[in-house]
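Enquirer: Need a 3D model of the following:
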Amino acid sequence: MDRHEENGTQSFEERLAQVQDIIGRIESGKLPLEDSVTAYEQGMKLLDALDGELKQMNRRLTVLQEGKETEMSHEDL
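Expert: Numbering: from 1, shown residues only. Down below sits the predicted model:
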């Protein structure tokens, strides 16, 4: 069991797959308009969260590349 399963959250990859599924359902044209809008909102929330996670990982990598990993606080990780 990985750390995502232990704390009940989905991994980055699982959430990305969920966004891709939402896109596919919207693009299929089979959803009613209201359902398409709801799915779009859900997808945008997921994308915002994924974007934030990518930015955090980028910051971590930048610090590590600059050799400042000992200066990072636990909150930065």
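Enquirer: Now the biggest helix by length in the chain: average pLDDT?
Expert: Assignment by DSSP state H gives helix 33-65 as the longest helix of the chain. Helix 33-65 shows a mean pLDDT of 95.
Enquirer: quick one: buried residues of that helix?
Expert: Going by neighbour count (16 or more other CB atoms under 10 Å), the buried part of helix 33-65 is 36, 39, 43, 46, 63. Every residue, glycine included, has its C-beta placed from N, CA and C.
Enquirer: cool, and stretch 10-30?
Expert: Neighbour counts using 16+ other CB under 10 Å place 15, 19, 22, 26 of stretch 10-30 among the buried residues.
Enquirer: Check whether the last one sits in a helix, strand or coil.
Expert: Going back to what we said before, that points to residue 26. Of the three states, residue 26 takes helix according to DSSP: H, G, I helix; E, B strand; the rest coil.
Enquirer: Contacts only, for it.
Expert: Counting by CB atoms under 8 Å, 6 or more residues apart in numbering, residue 26 makes contact with 36, 39-40, 43.
Enquirer: quick one: the residue nearest the centre of the chain and residue 43, what's the gap?
Expert: Compute the mean C-alpha point of the chain, and by CA atoms, centre = their mean the closest residue is residue 50, 2.4 Å away. Going from residue 50 to residue 43 by CB to CB, to the nearest Å gives 10 Å.
Enquirer: list the residues that contact both of those two?
Expert: Joint contacts of residue 50 and residue 43 (CB under 8 Å, 6+ apart) are residue 19.
Enquirer: how about the contacts of residue 26, which pair is most distant?
Expert: Taking CB to CB as the measure, these span a maximum distance of 10.3 Å, between 36 and 43.
Enquirer: roughly how far apart are residue 48 and residue 28?
Expert: Residue 48 is 24 Å from residue 28, by CB to CB.
Enquirer: Over to residue 59?
Expert: According to CB to CB, residue 59 stands 37 Å off from residue 28.
Enquirer: And for residue 41?
Expert: Applying CB to CB to residue 41 and residue 28 gives a distance of 18 Å.
Enquirer: And for residue 58?
Expert: Counting by CB to CB, the gap from residue 58 to residue 28 is 33 Å.
Enquirer: cool, residue 47 as well?
Expert: Residue 47 is 19 Å from residue 28, by CB to CB.
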